[in-house]
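J.: Structure for the following, please:
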Amino acid sequence: MKILGIDPGYERLGIAILEKKSDERKERVLYSECFNTPRKLSFPERLGLLGKEVNKILKKYQPDVLAIETLFLTTNHKTVMKVAEARGVVIYECIQAGIKIFEASPPQIKIATTGYGKANKEQVMKMVKLLVEIDNTKKSDDELDAIAIALTAFAHFK
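T.: As a prediction, this is how the structure comes out:
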């Protein structure tokens, strides 16, 4: 099974493709990155770039499932609305490709990766690096969050 993990954002989109074959013990990271959109572009142009990038990854890796983080409300409603629109673009591209959608909240991701729903960011990042074989140059929080979200989907589907 291949899972596309997405940490949603319109400026930075965490992307990871994880795979686990039935004869393997651990999930493998096939691809991960933090995709950035240029600030000089308009918001609709940035959404268009996100859609094109997700579409390109879908065609190349052909995942079975999209694992995407649900939104949590913050005090900055303007940012939440834009991230919601970015999530919509990603979900739309995956629906068009016939991919199942799995959504997880931040506490669900923390439980799946650390066993504790109130774990802090550092604890989650440490566990992600222990749970999968990963290049230690992967330092972007968004990229590691995308891996954590994909791991949560694998835990859910077991």
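J.: Spell out the residue ranges of the strands in this structure.
T.: For the chain, the strands defined by DSSP state E cover 2-7, 12-19, 28-36, 65-69, 100-104.
J.: Out of the ones you listed, which is the most enclosed?
T.: Ranked by mean neighbour count, the strands of the chain are led by strand 2-7 with a mean of 27 (mean count of other CB atoms under 10 Å). (Glycine included, C-beta is placed from N, CA and C.)
J.: mind listing what the residue lying closest to residue 10 once chain neighbours are set aside touches?
T.: Nearest residue to residue 10, sequence neighbours excluded (CB to CB, 6 or more residues apart in numbering): residue 86, at 4.2 Å. Neighbouring residues of residue 86 by CB atoms under 8 Å, 6 or more residues apart in numbering: 8-10, 13, 47, 50.
J.: Mind giving me the ChimeraX command for buried ones among those?
T.: Only the buried members of those enter the following ChimeraX selection, criterion being 16 or more other CB atoms under 10 Å:
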select :8,9,10,13,47,50
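J.: In helices, which of the contacts of residue 86 appear?
T.: Secondary structure defined by DSSP state H assigns 47, 50 of those to helices.
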